[in-house]
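In: I'd like to go over a predicted model; first the sequence, then the structure.
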Amino acid sequence: MHILSSEIRRKDTMLMEKFTRFIKTSNSSRLLLAVAAACILVSCAPPAEKKVWDLVWPLPPEEPKIKFVETLQSNLDVEVESGVAETLFGSEVIRILKPYGVAADKEGRVYVTDVGGIYVFDKKNKKFSSIGNEPGMGNLEAPAGIAVSRADGKIYVTDINLKRIVIYDRDGNFLNFIGKEKEFENPIGIAVDDKRMRVYVVDSKKRNVRAYTLDGRLIMEINKTGEGQNIFHTPTEIALDSEGKIYVSDTQGFSVKIFNPEGGLVRSMGQLGDAFGDFARPKGVAINSEDHLYVVDAAYNNFQIFNKEGQLLLFVGKGGSNPGEFLLPAGIAVDDEDRIYVAEQYNARVQVFQYLGEKWKKSHPDLAEEMKNMQPVRTEGPVDKEAVEKK
């Protein structure tokens with residue numbers, strides 16, 4: 001049973017005493033006292049049992065490679081739990097509404113672009129904050145893509161309405177922007193190459209990818225073949241691998257285009273279809289520590305994972321609102337620990353997964369051994385750990 005800490009109980013009691021003294025002067029004191037008493041009873045009662053999900057892909061007896069971790073939807077997912085009385089009379093629940101882009105920095109903070117700004121989930125410090133909703137040069141209107149420099153923590157955000165890239169420091173303070181008048185029509189995807197000190201920006205209407213120096217000087221543009229034909233139909237999102245190769249999702253081209261760091265086309269992978277490895281509406285792309293490519297498909301409500309050679313390794317997800325299911329997934333990111341973040345627009349959340357690869361196994365040897373023998377569990381209420389361990 002969940003037991004509230006003595007500190008939380010003490011705060012609730014103090015608030016209740018003050019509230020009682022106040023409402024004794026009211027004509028509706030009986031009703032208000034009843035409501036207040038009910039609040040205190042609720043605060044002392046155990047919380048409603050939540051559904052616990054222990055989901056992996058693929059299912060046993062195959063060795064699991066992806067594990068569901070958690071869902072991020074509001075400030076309550078990172079902030080310290082407070083007493084009910086304090087919650088009722090003092091706190092505010094802030095929920096993401098229609099997330100699109102997602103990124104994570106090397107310190108574990110997760111950045112999510114949403115309607116009119118960016119939400120920051122900092123679980124390590126139990127802090128929830130926002131960026132881009134203050135008046136001034138750094139105010140955002142329609143943020144879409146987001147990337148964070150591993151080198152200095154700077155945050156780069158595309159804004160479709162402003163038609164430029166807005167840059168903040170690691171604390172969310174506005175620094176600068178990239179984009180002169182008419183330079184962009186619909187900037188959406190963005191990626192930072194710390195090694196080459198570049199920022200890549202995808203413009204879906206101009207059908208190009210542009211590379212800039214960190215101070216905004218144009219380096220190159222990717223948009224035409226050697227024969228002068230358009231490379232892209234509707235480029236959307238972008239990611240970089242460990243060698244600096246550039247991966248661009250072409251949503252209405254039903255493919256992912258891969259380029260070398262100089263902008264030369266290496267190959268195109270994918271086609272329209274419903275077979276494994278095919279695409280219908282590819283959106284977000286990301287790369288993990290083993291240079292595996294993750295591609296979100298907004299129509300198939302899943303993400304597919306490919307190796308360096310473009311061979312399909314696994315797909316995760318289907319349409320729905322349960323953990324491991326998606327409705328209109330858009331952005332995807334993979335952090336330094338191979339945690340995977342997928343932003344869903346219709347379900348208004350970010351789902352977090354863990355890639356159980358070699359890097360994870362080395363840092364979690366005991367868990368890796370347990371994972372080999374695990375069984376997927378879907379139960380109502382808390383999982384009986386002893387029962388699971390005996391299986």
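Out: Alright, I've got the coordinates.

In: packing partners for the helix or strand hosting Phe68?
Out: Secondary structure from DSSP states H and E places Phe68 in strand 66-72. Judged by 3 or more Cβ pairs under 8 Å, 6 or more residues apart in numbering; DSSP states H and E, strand 66-72 is in contact with strand 56-57, strand 339-344, strand 349-355. Where C-beta positions appear, they are placed from N, C-alpha and C, glycine not excepted.

In: For the chain, give me the ranges with low pLDDT.
Out: Scanning the chain for pLDDT under 70 picks out 1-53, 81-91, 374-391.

In: re the thing from before, what pairs with the strand holding Phe68, parallel or antiparallel?
Out: Here strand 66-72 is paired, per DSSP bridges, with strand 56-57 (antiparallel), strand 349-355 (antiparallel).

In: highest average neighbour count across those strands?
Out: Of all those, strand 349-355 carries the top mean neighbour count, a mean of 24, counting by mean count of other Cβ atoms under 10 Å.

In: Alpha carbons of that strand, as PDB, please.
Out: Taking C-alpha atoms only, strand 349-355 is exported to PDB below (Å, rounded to 0.1, in the frame of the first residue of the first chain):
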ATOM      1  CA  ARG A 349       2.400  12.300 -25.500                       C
ATOM      2  CA  VAL A 350       5.900  11.200 -25.900                       C
ATOM      3  CA  GLN A 351       6.600   7.500 -25.400                       C
ATOM      4  CA  VAL A 352      10.000   6.400 -24.200                       C
ATOM      5  CA  PHE A 353      11.600   3.100 -25.100                       C
ATOM      6  CA  GLN A 354      15.100   1.500 -24.400                       C
ATOM      7  CA  TYR A 355      17.200  -0.200 -27.100                       C
END
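
In: ok, residues contacting it?
Out: 65-73, 96, 99, 102, 110, 112, 121, 288-289, 292, 316, 323-324, 326, 334, 338-344, 360 (Cβ atoms under 8 Å, 6 or more residues apart in numbering).

In: Just want the angle from the strand holding Phe68 to strand 339-344.
Out: Angle between the axes of strand 66-72 and strand 339-344 is 60 degrees (criterion: axes from the mean of the first three to the mean of the last three Cα atoms, to 10 degrees).

In: Can I get strand 66-72 as PDB, trimmed to CA atoms?
Out: Extracted as PDB, the C-alpha positions of strand 66-72 are listed here (Å, rounded to 0.1, in the frame of the first residue of the first chain):
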ATOM      1  CA  ILE A  66      13.300  -2.800 -27.500                       C
ATOM      2  CA  LYS A  67      11.600  -2.300 -24.200                       C
ATOM      3  CA  PHE A  68       8.800   0.200 -23.300                       C
ATOM      4  CA  VAL A  69       9.900   2.500 -20.500                       C
ATOM      5  CA  GLU A  70       7.400   5.200 -19.800                       C
ATOM      6  CA  THR A  71       5.200   8.000 -21.200                       C
ATOM      7  CA  LEU A  72       5.700  11.700 -20.900                       C
END
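
In: neighbours around the nearest residue to Gly253 once chain neighbours are set aside, how many?
Out: Nearest residue to Gly253, sequence neighbours excluded (Cβ to Cβ, 6 or more residues apart in numbering): His233, at 3.7 Å. Using other Cβ atoms under 10 Å, His233 has 13 neighbouring residues.

In: before we move on, what about Met269?
Out: Met269: 19 neighbours (other Cβ under 10 Å).

In: Run through the strands of the stretch 151-300 of the chain in chain order.
Out: 155-159, 164-168, 174-178, 187-193, 198-203, 208-213, 218-222, 235-240, 246-250, 255-259, 265-269, 282-287, 293-297 (DSSP state E, counting those that start in this stretch).

In: which ones are touching Val266?
Out: Val266 is in contact with 245, 258-260, counting by Cβ under 8 Å, 6+ apart.

In: and of the strands paired with strand 66-72, who's closest to Lys126?
Out: Lys126 sits nearest to strand 349-355 of all these, at 16.3 Å, using Cβ to Cβ.

In: Just after the closest one, pick out the following helix or strand.
Out: helix 358-363.

In: And the helix or strand just after that next one, what's buried?
Out: Sequence order places helix 365-372 as the next helix or strand after helix 358-363, per DSSP H and E. Buried residues in helix 365-372, counted by 16 or more other Cβ atoms under 10 Å: 368, 371.

In: Nearest to Ile131 among the strands paired with strand 66-72 would be which one?
Out: Of these, nearest to Ile131 by Cβ to Cβ is strand 349-355, at 15.8 Å.

In: Compute the number of surrounding residues for the residue nearest to Lys127 when sequence neighbours are not counted.
Out: Distances taken as Cβ to Cβ, 6+ apart place Val78 nearest to Lys127, at 6.6 Å, with adjacent residues excluded. Per other Cβ under 10 Å, the neighbour tally for Val78 reads 20.

In: show me what contacts Val78?
Out: 72, 121-123, 126-128 are the contacts of Val78 under Cβ under 8 Å, 6+ apart.

In: repeat for His233
Out: 207, 250-253.

In: try 10 Å this time
Out: With contact set as Cβ atoms under 10 Å, 6 or more residues apart in numbering, His233 has these partners: 204, 207, 250-255.

In: can you put the strands of the stretch 151-300 of the chain in a markdown table and add distance to Ala275?
Out: Output for those, formatted as a markdown table (distance: least, Cβ to Cβ, whole Å):
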| stretch | distance to Ala275 |
| --- | --- |
| strand 155-159 | 32 |
| strand 164-168 | 37 |
| strand 174-178 | 40 |
| strand 187-193 | 26 |
| strand 198-203 | 27 |
| strand 208-213 | 28 |
| strand 218-222 | 28 |
| strand 235-240 | 22 |
| strand 246-250 | 18 |
| strand 255-259 | 14 |
| strand 265-269 | 13 |
| strand 282-287 | 14 |
| strand 293-297 | 13 |
